[in-house]
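J.: one predicted model, sequence on top.
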Amino acid sequence: MYNARCVSMVSFLTVLAPFSAGLLVPTDAVAQEVDSAAGQVDADPRGTWRLDLTVVTHAKVPVLGTTTAKARTTFVVQIDGEPGAAMVKTDPCRLRILSDRSFATTRIPPAFEAALKGKQAALEGGPPVAGSPVRIDLRPQHMGYNPSIRSSVPEEADDPAVIDFERDGNPGGTIILDAPIFGETEIYVVQRAHSILEGEWKSADLALGRATIRDYAQRNVGASNRLFATNPDIKPDSTASTWRMVRIDEGATCADLARGAGAPSDDREYGS
């Protein structure tokens, strides 16, 4: 029972990838992408892009000690506006939760993914040429509660600030934990996060970097099995959280990404 409870703490508590200081040192697979993209001279960032974001968190749980989870989110990104004053619009497509404990899994229901909202932010830094810096501040985001009612993250399901995120009749956002013996358990989560993407253009068609989680708070406000209604100490790891943005065909959609458009060469590093 302890193992199942511990896995629940780790795997559900990184539900939304909260959208970095330092530049990512490319793996061999990414280096090949950089080499293949070299020589591009178009410095206009406008167009359609695929963004893969992996946020790493560490949780202190009973018996198991510190465990690690990765929240991997894939977006279609549209960059519009004049060069030097471009805006980034994100459209979330897919979310996965991976844990270093393999005896239980976390599943994100389609209704949860459909309820995820896009963001709009300024594209900062230099032009999209090799070696130029890039920065995207995604600003604070809130999931499962109304920040105009309560500024802090609610702790109980009956808090008036808690909302039904995906309109499934449950408080907060609902995810599914599948653990041995217990089977599938619904976990109800609320979250506040503020993430900043910083990195470097590798070419006119590829940018890499790390994700700094400036603010992060998350609570489990309930579960279909009360054994899982726990809240361990969880910390985001900005040094291990990464992102990758690659240009794809103009007008591409989430369906195109699901078919592999712009997918990273090294899924272990970036997730797709």
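T.: In hand now; what should we look at?

J.: model confidence over the strand ranked longest in the chain, on average?
T.: Longest strand in the chain, counting residues (DSSP state E): strand 183-203. If you average the pLDDT over strand 183-203, you get 93.

J.: pLDDT below threshold where in the stretch 101-250 of the chain?
T.: 101-103 (pLDDT under 70).

J.: quick one: the strands in it?
T.: Counting by DSSP state E, counting those that start in this stretch, the stretch 101-250 of the chain has strands at residues 105-107, 120-125, 133-143, 173-179, 183-203, 206-223, 233-247.

J.: adjacent strands (with direction) for the longest strand of the chain?
T.: For strand 183-203, the paired strands and their directions (DSSP bridges) are strand 133-143 (antiparallel), strand 173-179 (antiparallel), strand 206-223 (antiparallel).

J.: now tabulate the strands of the stretch 101-250 of the chain in a markdown table and tack on mean neighbour count and distance to Thr67.
T.: No exception for glycine: its C-beta is placed from N, CA and C like everyone else's. Converted to a markdown table, the strands of the stretch 101-250 of the chain look like this (neighbours: other CB atoms under 10 Å; distance: least, CB to CB, whole Å):
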| stretch | mean neighbour count | distance to Thr67 |
| --- | --- | --- |
| strand 105-107 | 18 | 13 |
| strand 120-125 | 16 | 32 |
| strand 133-143 | 18 | 22 |
| strand 173-179 | 23 | 14 |
| strand 183-203 | 22 | 16 |
| strand 206-223 | 21 | 15 |
| strand 233-247 | 20 | 10 |
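
J.: will you turn these into JSON lines that also has distance to His58?
T.: Rendered in JSON lines, the data for the strands of the stretch 101-250 of the chain read as follows (distance: least, CB to CB, whole Å):
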{"stretch": "strand 105-107", "distance to His58": "16"}
{"stretch": "strand 120-125", "distance to His58": "27"}
{"stretch": "strand 133-143", "distance to His58": "20"}
{"stretch": "strand 173-179", "distance to His58": "18"}
{"stretch": "strand 183-203", "distance to His58": "16"}
{"stretch": "strand 206-223", "distance to His58": "12"}
{"stretch": "strand 233-247", "distance to His58": "5"}
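
J.: out of these, flag the one nearest Lys89.
T.: Across the strands of the stretch 101-250 of the chain, the minimum distance to Lys89, taken as CB to CB, is reached by strand 120-125, at 5.1 Å.

J.: what pairs with the closest one, parallel or antiparallel?
T.: In the sheet, strand 120-125 lines up against strand 87-99 (antiparallel), strand 133-143 (antiparallel) (DSSP bridges).

J.: then it to CSV, C-alphas only?
T.: C-alpha atoms of strand 120-125 as CSV (Å, rounded to 0.1, in the frame of the first residue of the first chain):
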residue,chain,number,x,y,z
GLN,A,120,0.1,34.2,-25.6
ALA,A,121,3.5,35.8,-24.8
ALA,A,122,6.2,38.0,-26.4
LEU,A,123,9.1,36.4,-28.2
GLU,A,124,12.1,38.0,-26.6
GLY,A,125,15.8,37.9,-27.4
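
J.: what is the burial count for Phe182?
T.: 17 (other CB atoms under 10 Å).
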